[in-house]
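> how would this look folded up:
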Amino acid sequence: MVLVRGQPSEPLQIGFSFAPGVGHAAVLGMLVGLAALVVFIVINASLGAILTGAIRGTVIQEGTGVYFRFIYMMIAGSILLSAYLLARNKPRIAFIPVVLCGLFLLPLGGRGRAITPLLAGLLLQWYRKREEKGWPKFRFRIAHAFVLVPSLLLATWLFHFGAMYRGGYGIGALAESLSLQGNWEHVKSSVFGEFGQLHSLAGAIAIGPGVLEGKTFFASLSWPLSEVLPIPGRSAGIFIIETLVGFSQERRWGLHASLIGDAYLNFGLFGIMLIMPLFGMLSKLLYAKFRRGRLNPAIYVFAAVYGVNLFLKSIETWPHTLAGLVFMWVIIRLADFLNFSQRGFTGAHAAGIGGFHSVRNR
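Residues are numbered from 1 along each chain as shown. Okay, the predicted model is just below:
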């Protein structure tokens, strides 16, 4: 833990310090992302598709992907606004932006995408409380169960509701998903298929090492250049289904190959031995910068949640992660501009714009 400890002269304090312009810029980012979401749905679907949950089966029109990318500005803005409100000692309303963002994302049918801002908001609340208490040694208490159990039940219900919503029930899934027996059956049937990785890893091993020759990583990590240049790409999850099962009715779909499965299919065992340590080192470096107050807490929790998402799903989620980080940087820079316009360069510099300075909460 050398990276996390730092030097004795450098106290470990999270940089919960935001300029006034961050709040306005984050709200603007959320509105822009929400507008992009509305345009994306209007162009590609209808109100009926939203009510029935059939939007995931809708053919996406060419050229509308740019609107989908801008949806991540809403996610970035909601997390930044939540962090800003926490910095202003308003924890009771700080969760509202990420909850609204999650609700707006539900019609798209992507449960992981909808729950991302909620998880990031919970992490922000957790780190703020830990910072206020001086980072004591964690001990599990009975009181924690009253938070953990409802959170697990809520997460289970959200995934169950999402599966039913996009599975043909539509809005009617709201009532059907409240059944305790139904939720328990969903957990038993999905614990391996949705949360486990054994099925995808077994498929990757059955196919063999290195058969994709790095195409999954080259196309994903080169985004957005891969959108305009002829960089070959191949989805490992789709490749597993195509090779071992095949597609029916010409509908292409795939598993979440996981980062380990991606590495094995693209580079073999050597890829696993190289990529996984690099992933761990990058995660630790980001946490060390966050704990030293050198990394905006909103940026860190976004990277942390999407890092776990990338590990469990695929390196193919990297473009989504990069889009969110870029939009978060844009919002922070917009806050710099707004603060500069209101207070002038000297006042803006003294305020510690963007939350990168190490300041303990009052």
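> which stretches of the stretch 201-350 of the chain have low pLDDT?
247-251, 340-350 (pLDDT under 70).
> so how far is Leu80 from Leu34?
Leu34 is 15 Å from Leu80, where distance means CB to CB, to the nearest Å. Where C-beta positions appear, they are placed from N, C-alpha and C, glycine not excepted.
> Between those two, which is the more surrounded one?
Legend: neighbour count by other CB atoms under 10 Å for Leu34 and Leu80, higher for Leu80 (32 against 19).
> Can you give me every residue that contacts that one?
Neighbouring residues of Leu80 by CB atoms under 8 Å, 6 or more residues apart in numbering: Val22, Ala25, Ala26, Gly29, Ala298, Met328, Ile331, Ile332.
> Show me which parts of the helix or strand hosting the fifth one are buried, residue by residue.
Right, Ala298. Here Ala298, judged by DSSP states H and E, is contained in helix 297-312. Residues of helix 297-312 classed as buried: 297-307, 309-312 (neighbour count, 16 or more other CB atoms under 10 Å).
> returning to what we had before: between the contacts of Leu80, which is nearest Ser226?
Distance to Ser226 across the contacts of Leu80 (CB to CB) is lowest for Met328, with 22.0 Å.
> Which residue, other than its chain neighbours, is closest to that closest one?
Ala76 (4.0 Å; CB to CB, 6 or more residues apart in numbering).
> measure that neighbour to Gln125 for me?
18 Å.
> Between the two, which is the more surrounded one?
Neighbours around Ala76 and Gln125, counted as other CB under 10 Å, are more numerous at Ala76. The numbers are 30 against 18.
> show me the residues around that one that make contact.
Residues in contact with Ala76 (CB under 8 Å, 6+ apart) are Gly29, Gly33, Ala298, Phe302, Gly324, Leu325, Phe327, Met328, Ile331.
> now, which of those lie within helices?
Gly29, Gly33, Ala298, Phe302, Gly324, Leu325, Phe327, Met328, Ile331 (DSSP state H).
> Give the buried residues for the host helix or strand of Glu185.
Following DSSP H and E, one finds Glu185 within helix 180-190. Buried residues in helix 180-190, counted by 16+ other CB under 10 Å: Asn183, His186.
> other SSEs contacting that helix?
Counting contacts by 3 or more CB pairs under 8 Å, 6 or more residues apart in numbering; DSSP states H and E, helix 180-190 packs against helix 142-164.
> What residues sit buried inside the helix it packs on?
Thr156, Trp157, Leu158, Phe159, His160, Phe161, Gly162, Ala163, Met164.
> Over to stretch 206-220?
Ile207, Pro209, Val211, Leu212, Gly214, Lys215, Thr216, Phe217, Phe218, Ala219, Ser220.
> Could you pull up phi and psi at the fifth one?
Per-residue torsions, Gly214: phi 80, psi 0 (degrees, to the nearest 10).
> Roughly how far does it sit from Asn309?
In terms of CB to CB, Gly214 sits 22 Å off from Asn309.
> re earlier: which other helices and strands contact the helix holding Ala298?
Going by 3+ CB pairs under 8 Å, 6+ apart, helix 297-312 lies up against helix 65-87, helix 111-132, helix 258-267, helix 269-291, helix 318-350.
> any idea of the mean pLDDT for the first one?
Helix 65-87 carries an average pLDDT of 90.
> Now the element after it, going C-ward?
Proceeding C-terminally, helix 65-87 gives way to helix 91-94 as the next helix or strand, assigned by DSSP H and E.
> starting at the chain centroid, how far to that next one?
Offset of helix 91-94 from its chain centre (CA atoms, centre = their mean, to the nearest Å): 21 Å.
> Now tell me what touches it from outside.
Counting by CB under 8 Å, 6+ apart, residues outside helix 91-94 touching it are Ser82, Ala83, Leu85, Leu86, Gly121, Leu124, Gln125, Arg128.
> 10 Å - rerun?
For helix 91-94, contacts defined as CB atoms under 10 Å, 6 or more residues apart in numbering pick out 81-88, 121, 124-125, 128-129, 132.
> List the buried residues in it.
Buried residues in helix 91-94, counted by 16+ other CB under 10 Å: Ala94.
> So for it, mean pLDDT?
87.
> and the helix or strand just after that helix, what does it pack onto?
Moving toward the C-terminus from helix 91-94, the first helix or strand encountered (DSSP H and E) is helix 96-105. The contact analysis (3 or more CB pairs under 10 Å, 6 or more residues apart in numbering; DSSP states H and E) places helix 96-105 against helix 21-44, helix 65-87, helix 111-132.
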